[in-house]
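1. what follows is a predicted protein model with its sequence.
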Amino acid sequence: MDDVGGRGAALASPKISDATLRDTAHMAGVAFDVDDARVLAGLLCDVGVDIVEAGIVSANDRSEVPLVQAVVDVAGRERTKTVILARSRKQVEADLDAALETGAGNVMLSIPTSPTHALLKLGTDSRQRIVMLARRTIEAAAAVGLSVTFTAEDGARTDPAFLEEYVAAGAEAGADRFRLAETVSSLAPRDVESLIARLVAVSGDTEVEMHSHNMLGLSVANTLAAVDAGAAWVSCTIDGLGERGGNTPLAEVLCVLHVLRGVDRYNLQPLTELSREAAARAGLRSSATTGPTAELSYQYEIPGQVRNPGAFELLKPETVGNTRGVRIGSRLKPSLLEAFLSPETLDGVDVEEVTDRIRESAPHDKHVWDLETLDELVRAHRREQQASPPTSVR
């Protein structure tokens, strides 16, 4: 483990459920195929993620069954979960055939609990109907041998007293896990800590999980608050991919747990590769600056930072599979070349002249050079100078 400061007391490690291959089903313009699922699931398993969540299945739409099956092939039955949108007991009983076809050992029953979402999706906000739906669908899923998670869609905007009743009922019906969905990013960390503590207190043997969206940038803080309040599981996605501001980013959560809570059972090294693969396969660019896997997180143009990285880095880049480098733009000057390039590269070179040449050759004012490019440009300049015949004096 890295020698880092600021670590709090160690705690039992929360389990991680990664929802990238499920939550992106509603992300505008993003779709992962079977090959994507195999690659991403493999890397998630390398990291040590406990559950890989994939697809939304139903009796009427089995199009994502092959994607879930691909995850099962890589991660195994016990490590794969698929999702059913629960709207009635009869519908769920039919949809369970599709869930069983995937081979996944886990199913999540997604049930709306806030008045807004219940009216929209169930046609009623009757609390009795919502609780009865949870009980009956949990019992049906458990009866076919699946590990059952039930959710509170828009749970963050559901009356906490009703949530307590709902969670207790689901636990009594035999659910293995309850997921609180912060669907519209409406909670602050102190709110999460208070609510999760209340739900843990009534959940019995049913584990509690936190699932956040990140529209306000609080998802990592809310996840940590949930863990501190007793949540046994947290839901993340690669790079926070997902709709409505994205979800809780996996790399940041794992690094926070590592640094601030002493959790070291996850393998952080594949995280940067995982980030790059997910972004490329989603047709997106990886983040430039956010989090430890970002493209620029370990790129510098100040010599002191390159010479003394330990003074500026909480985690070494190799911890997460990232790399340290030099990146210089419009502030390129002779002193930077002298600081970063080797004496062998600069031997016999007029540094001021070559700096001017490099800047003049830039295609635009905001052009950026990395260290390898600068080294090659200086060497090319030196070769050119050496090949030029000396000017004769007459």
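-> In hand now; what should we look at?
2. and the closest residue to Leu250 other than its chain neighbours, how far from His211?
-> Counting by CB to CB, 6 or more residues apart in numbering, Leu250 lies nearest to Cys236, which is 4.0 Å off, once chain neighbours are set aside. C-beta coordinates here come from the backbone N, C-alpha and C atoms, glycine included. According to CB to CB, to the nearest Å, Cys236 stands 9 Å off from His211.
3. which neighbours do these two share?
-> Ala19, Asn247, Thr248 (CB atoms under 8 Å, 6 or more residues apart in numbering).
4. check contacts around the last one.
-> Residues touching Thr248, when contacts are defined by CB under 8 Å, 6+ apart, comprise His211, Ser212, Asn214, Ser219, Val220, Asn222, Thr223, Val234, Ser235, Cys236, Thr237, Gly240.
5. tell me which of these is nearest to Ala104?
-> Nearest to Ala104 among the contacts of Thr248 is Ser235, at 16.2 Å by CB to CB.
6. out of the shared contacts of Cys236 and His211, who's nearest Ser114?
-> Among the shared contacts of Cys236 and His211, Asn247 lies closest to Ser114 (CB to CB), at 18.7 Å.
7. now the strands for the stretch 201-350 of the chain?
-> According to DSSP state E, counting those that start in this stretch, the stretch 201-350 of the chain carries its strands in the segments 207-212, 233-236, 299-300, 325-328.
8. closest one to Leu374 among those?
-> Nearest to Leu374, of all the strands of the stretch 201-350 of the chain, is strand 325-328, at 7.1 Å by CB to CB.
9. neighbouring contacts of that closest one?
-> By CB under 8 Å, 6+ apart, the residues outside strand 325-328 that reach it are 296, 298-301, 306, 336, 340, 368-371, 374.
10. what subset of those residues is buried?
-> With burial judged by 16 or more other CB atoms under 10 Å, the buried subset of the contacts of strand 325-328 is Tyr298, Gln299, Tyr300, Glu301, Val306, Leu336, Phe340, Trp369, Leu371, Leu374.
11. out of the residues you listed, which sit inside helices?
-> Val306, Leu336, Phe340, Leu371, Leu374 (DSSP state H).
12. show me what stretch 354-373 is in contact with.
-> 325-330, 332-334, 337, 340-341, 374, 377-378, 381-382.
13. the residue nearest to Leu274 when sequence neighbours are not counted - how many residues pack around it?
-> Using CB to CB, 6+ apart and skipping the chain neighbours, the partner closest in space to Leu274 is Leu43 (4.4 Å). The number of residues packed near Leu43 is 19, by other CB atoms under 10 Å.
14. show me what contacts Leu43?
-> When contacts are counted by CB under 8 Å, 6+ apart, Leu43 is found next to Pro270, Glu273, Leu274, Glu277.
15. measure the last one to Asp239 for me?
-> This points to Glu277. Per CB to CB, Glu277 is found 10 Å from Asp239.
16. more crowded one of the two?
-> Asp239 (27 against 18).
17. could you save the strands of the stretch 201-350 of the chain as TSV and add columns showing mean pLDDT and distance to Glu64?
-> TSV is the format used below for these (pLDDT from 0 to 100; distance: least, CB to CB, whole Å):
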stretch	mean pLDDT	distance to Glu64
strand 207-212	96	19
strand 233-236	96	18
strand 299-300	92	38
strand 325-328	91	39
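18. His26 is nearest to which of those strands?
-> His26 lies closest, by CB to CB, to one member of these: strand 207-212, at 13.7 Å.
19. residue contacts, Leu296?
-> Ala288, Thr289, Arg327 are the contacts of Leu296 under CB under 8 Å, 6+ apart.
20. where does the prediction get shaky in the stretch 1-150 of the chain?
-> 1-12, 25 (pLDDT under 70).
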